[in-house]
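A.B. asks: What follows is a predicted protein model with its sequence.
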Amino acid sequence: MLTATNLTKKYGENTALNSLNLNIEPGEIFALLGQNGAGKTTTINCFLGFIEPSSGTANINGVSVKDHALETKKHLAYIPETVMLYPNLTGVENLEFFSSLAGFSYSKEELTSFLSKAGLQSTAHQQRVGGYSKGMRQKVGIAIAIAKKAKALLLDEPTSGLDPKASNEFSEILKELSANGTAILMATHDIFRAKEVANRIGIMKEGNLVSIINAKDISANELEQLYLQTV
């Protein structure tokens with residue numbers, strides 16, 4: 001579903017991403033770990049089409065992002081560290097607006113169903129988003145992904161700033177999406193959350209993907225030690 005082949009991004013003499021090769025299957029959660037500047041966000045931005053690679057390709061569902069940007073975006077949903085929503089609109093209204101941009105039209109009942117599936121409490125559906133917590137905004141972002149019928153979900157530091165309860169709720173929702181066949185690429189600093197939610201974990205350093213680990217084959221403490229040794 002998500003494939004990078006020799007994906008490279010250079011800014012002058014600086015190499016932000018160096019010949020990345022990565023394949024993420026439908027239903028797989030892949031977590032990218034690494035320090036700031038390691039290349040995690042650059043990787044995600046290449047898949048989103050926000051930046052053009054210097055060489056190599058990023059494909060979504062077998063389609064080149066560079067050559068068919070609009071087509072690939074139909075398969076994607078993106079949740080950044082801070083989900084940008086319209087504060088004066090309610091959760092339902094935001095969901096209706098963003099799903100309509102993707103070409104979908106839903107009834108109010110369907111929209112509230114998506115918000116509930118994303119874990120947003122029903123009492124918040126008709127409240128203005130300006131009063132939402134970060135965790136609640138993340139859930140609207142998940143609901144947008146569900147409404148768009150996204151085949152791939154890209155996440156950049158999704159649990160940053162969430163309290164442990166909200167972070168755990170978010171992880172459970174990701175597992176449900178994965179079980180329904182969504183491919184998920186998550187850039188994070190949260191080693192223990194990566195171990196808990198991901199099928200595979202990649203460690204990046206200075207634009208290079210230096211390790212790929214099956215999450216079931218390593219403990220959280222072992223992963224932390226490997227990460228510290230690597231970076």
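C.D. replies: On my side now, so go ahead.
A.B. asks: Show the contacting residues for the residue nearest to residue 135 when sequence neighbours are not counted.
C.D. replies: Leaving out its chain neighbours, the residue that sits closest to residue 135 by Cβ to Cβ, 6 or more residues apart in numbering is residue 166, at 3.3 Å. Heads up, the C-betas are built off the backbone N, CA and C, glycines and all. By Cβ atoms under 8 Å, 6 or more residues apart in numbering, the residues touching residue 166 are 133, 134, 135, 138.
A.B. asks: now do 10 Å
C.D. replies: Counting by Cβ atoms under 10 Å, 6 or more residues apart in numbering, residue 166 touches 119, 133, 134, 135, 136, 138, 139, 159.
A.B. asks: Which members of these occur in helices, if any?
C.D. replies: 134, 135, 136, 138, 139 (DSSP state H).
A.B. asks: Correct me if wrong, but the residue nearest to residue 135 is in a strand.
C.D. replies: No - Residue 166: not assigned to a strand; according to DSSP: H, G, I helix; E, B strand; the rest coil it is helix.
A.B. asks: gap between it and residue 125?
C.D. replies: 18 Å (Cβ to Cβ, to the nearest Å).
A.B. asks: cool, and residue 138?
C.D. replies: On the measure of Cβ to Cβ, residue 138 and residue 125 end up 15 Å apart.
A.B. asks: the more surrounded of these two?
C.D. replies: Taking other Cβ atoms under 10 Å, residue 138 and residue 125 do not tie; residue 138 has more neighbours (29 against 19).
A.B. asks: Would you check that that one makes contact with residue 171?
C.D. replies: No - in this structure, residue 138 is not within contact of residue 171 by Cβ atoms under 10 Å, at 11.2 Å.
A.B. asks: Give me the below-cutoff pLDDT ranges for this structure.
C.D. replies: Applying pLDDT under 70 to the chain flags no residue at all.
A.B. asks: Residue 101: what's it in contact with?
C.D. replies: 144, 148.
A.B. asks: if we can go back for a sec, most neighbours of all the contacts of residue 166, which one?
C.D. replies: Going by other Cβ under 10 Å, residue 138 tops those with 29 neighbours.
A.B. asks: Could you break the protein into its assigned domains?
C.D. replies: 2-75+151-230, 85-150 (automatic domain parsing).
A.B. asks: Just the helices from the chain, written as ranges.
C.D. replies: Under DSSP H, the chain gives helices at 40-48, 69-73, 91-101, 108-117, 134-147, 164-179, 191-197, 220-230.
A.B. asks: Not counting sequence-adjacent ones, nearest residue to the most centrally placed residue in the chain?
C.D. replies: Compute the mean C-alpha point of the chain, and by Cα atoms, centre = their mean the closest residue is residue 155, 1.9 Å away. In space, residue 155 comes closest to residue 186 once its chain neighbours are excluded; the distance is 4.2 Å by Cβ to Cβ, 6+ apart.
A.B. asks: Please apply the same query to residue 145.
C.D. replies: Per Cβ to Cβ, 6+ apart, closest to residue 145 is residue 77, 3.4 Å.
A.B. asks: Quick check: the one you found vs residue 143, distance?
C.D. replies: Counting by Cβ to Cβ, the gap from residue 77 to residue 143 is 10 Å.
A.B. asks: overlap in contacts of these two?
C.D. replies: residue 98.
A.B. asks: Wait, the residue nearest to residue 155 touches residue 174, no?
C.D. replies: Yes - with contact defined as Cβ under 10 Å, residue 186 counts as touching residue 174 (7.6 Å).
A.B. asks: higher neighbour count, those two?
C.D. replies: residue 186 (27 against 24).
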